[in-house]
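S.K.: my questions are about this predicted structure, shown below with the sequence.
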Amino acid sequence: MSIKRIAINTGGGDAPGLNAVIRAVVLASLNRGWECVGIRDGYNGLLLPEDYPAGGLVSLDRPAVRGITHLGGTILGTTNRGNPLRYPTRGVDGQLYEKDRTGELAAKFKAHGLDALVAIGGDGSLAIAYALCQKGVRIVGVPKTIDNDLDQTVITFGFDTAVNFVTDCIDRLHATAEAHRRIMIVEVMGRYAGWIALNAGVAATADAILIPEIPYDIHKVAEKVQERARNGRNFSMIVVAEGARPVGGDYSVKGKEIGRLDRLGGVGEKVGVALETLTGKEARCVVLGHLQRGGTPTTFDRLLSLRFGAAAVRALGEGQSGIMVALDPPTVNYVPLNEVAGRMKTVPLDCDTILTARDLGISFGDE
Ligand code: F6P
């Protein structure tokens, strides 16, 4: 079936580069004579039409994507609520249940004359894309997340910008840690993967990096702080991934909601309190939070996003569906969505960056 009209959507947490992907998809599609529309706020523009008096679909022509490559956020809006696979729905008993609404969504694609979808998102969005594809929607996924936890691509767009930002923040906090002879703790995002903490922590020469993949023993972290003090280094910089947890302990969860992933956070503060007790030194915790998601994409992320967007359109033009574009340096290739959906890429314990950190004397709180 030839393509006349395609849709684009952005789902999950925003990441720098989303607008660059949208621009590339729109321009590459218009150049093929296809019409483009954007779905507002993930799939809400189709699932909740009553919430959009001006329409849940927006027309994407050339003027709509002018001057957006360098902008953070997404011109389409996004949401990490209302996953169509686990849609919170009130039952007759008044309780909230999770309901699969992907069948209904696939029917809406047909009803709106949408021949294909470029779904830009992380693990949750790509799992939805896979389900829609199985229900007959022609789909190409584009891997987005600052967390870099998607399988089958060397990197996701948004990650480089987040790591650059975090590295800069650690550099700044280093000065204060040294001036006040304090322990500075920086809590960073990443969900259940330690990519942001590891990469920024090594680049910014942290003294300890705590990541979900290596449960920590707080006594070992305290030993590292004391060892530094014995060597005349009266301050320490500790990077803690939000998904870090102590040996035998659990993740620090800030919020639970039906149809959503748990909201992580708070482990940095716990580490700080424990280190103050164990070392007698003053500790401060800075949670970088959503600052890591906004801002201008780095050159690397802009280029990757543009390459991903254009490659997604080329794939649709070649008649492909049920795939995700992926970085496989030096090229962008295609991988089946079923090899991505439901898989999480965590930091391999024997990867070169972990080995480098250990060689440099950075502690992971395990030895
Ligand atoms: O997946 C991106 C991410 O920023 C995670 O690193 C973080 O755990 C989560 O989203 C935060 O989500 P929210 O925007 O709902 O607070």
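M.R.: On my side now, so go ahead.
S.K.: name the helix or strand for the residue of the stretch 1-150 of the chain found nearest the ligand, please.
M.R.: Nearest to the ligand, among the residues of the stretch 1-150 of the chain, is Gly13, at 3.7 Å (C-beta to the nearest ligand atom). C-beta: built from backbone N, CA, C; applies to glycine. Counting by DSSP states H and E, there is no helix or strand that carries Gly13.
S.K.: which residues does it contact?
M.R.: Residues counted as contacts of Gly13 (C-beta atoms under 8 Å, 6 or more residues apart in numbering) are 78, 80, 122, 145-146, 293.
S.K.: got it, and Thr89?
M.R.: 96-99.
S.K.: report pLDDT for it.
M.R.: On the pLDDT scale, Thr89 is placed at 90.
S.K.: just confirm it is within a strand.
M.R.: Yes: under DSSP: H, G, I helix; E, B strand; the rest coil, Thr89 falls within a strand.
S.K.: give the bridge partners for it, please.
M.R.: The partner list for Thr89 in beta bridges (DSSP bridges) reads Tyr97.
S.K.: who in the stretch 251-367 of the chain is up against the ligand?
M.R.: 263-264, 293 (C-beta under 6 Å from any ligand atom).
S.K.: circling back: mind putting the contacts of Thr89 into TSV with pLDDT and neighbour count?
M.R.: Formatted as TSV, the contacts of Thr89 follow (pLDDT from 0 to 100; neighbours: other C-beta atoms under 10 Å):
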residue	pLDDT	neighbour count
Leu96	88	13
Tyr97	87	13
Glu98	90	14
Lys99	92	15
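S.K.: the residues you listed: which two are farthest apart?
M.R.: Between any two of the contacts of Thr89, the greatest separation by C-beta to C-beta is 9.7 Å, found for Leu96 and Lys99.
S.K.: need the overlap of contacts for those two.
M.R.: Common neighbours of Leu96 and Lys99 (C-beta under 8 Å, 6+ apart) are 88-89.
S.K.: not counting its neighbours along the chain, what's nearest the residue most central in space within the chain?
M.R.: Centrality entry for the chain: nearest residue to the mean C-alpha point is Thr145, 2.4 Å, by C-alpha atoms, centre = their mean. Ranked by C-beta to C-beta, 6 or more residues apart in numbering and with sequence neighbours excluded, the top spatial neighbour of Thr145 is Gly122, at 3.8 Å.
S.K.: swap in Val225?
M.R.: Nearest to Val225 is Ser236, by C-beta to C-beta, 6+ apart, at 4.6 Å.
S.K.: residues in the stretch 51-200 of the chain within reach of the ligand, list them.
M.R.: 80, 122, 145-147, 189-191.
S.K.: mind giving me the ChimeraX select for those, buried ones only?
M.R.: Per 16 or more other C-beta atoms under 10 Å, the buried members of these correspond to this ChimeraX selection:
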select :80,122,145,146,147,189,190,191
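S.K.: farthest pair in the residues of the stretch 51-200 of the chain next to the ligand?
M.R.: Pairwise across these, and taking C-beta to C-beta, the largest span is found between Asn80 and Gly190, at 15.2 Å.
S.K.: just checking, Val225 touches Leu275?
M.R.: Yes: between Val225 and Leu275 there is a contact under C-beta atoms under 8 Å: 6.4 Å.
S.K.: what do these two both touch?
M.R.: 183, 281.
S.K.: state the phi and psi torsions of the residue of the stretch 101-250 of the chain found nearest the ligand.
M.R.: For the stretch 101-250 of the chain, the residue closest to the ligand is Met189, as judged by C-beta to the nearest ligand atom, at 3.1 Å. Phi and psi for Met189, reported as degrees, to the nearest 10, are phi -80, psi -170.
S.K.: check contacts around it.
M.R.: 146-147, 162, 196, 241-242, 288-289, 292-293.
S.K.: mind putting those into TSV with secondary structure?
M.R.: Below are the contacts of Met189 laid out as TSV (three-state DSSP):
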residue	secondary structure
Ile146	coil
Asp147	coil
Ala162	helix
Ile196	helix
Ala241	strand
Glu242	coil
Leu288	coil
Gly289	helix
Gln292	helix
Arg293	coil
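S.K.: those residues, buried ones only, as a PyMOL selection?
M.R.: Buried members of these, defined by 16+ other C-beta under 10 Å, are picked up in PyMOL with:
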select buried, resi 146+147+162+196+241+242+288+292+293
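S.K.: okay if I get the contacts of Met189 as JSON lines plus pLDDT?
M.R.: Output for these, formatted as JSON lines (pLDDT from 0 to 100):
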{"residue": "Ile146", "pLDDT": "98"}
{"residue": "Asp147", "pLDDT": "98"}
{"residue": "Ala162", "pLDDT": "98"}
{"residue": "Ile196", "pLDDT": "98"}
{"residue": "Ala241", "pLDDT": "98"}
{"residue": "Glu242", "pLDDT": "98"}
{"residue": "Leu288", "pLDDT": "98"}
{"residue": "Gly289", "pLDDT": "98"}
{"residue": "Gln292", "pLDDT": "98"}
{"residue": "Arg293", "pLDDT": "97"}
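S.K.: much appreciated, bye for now.
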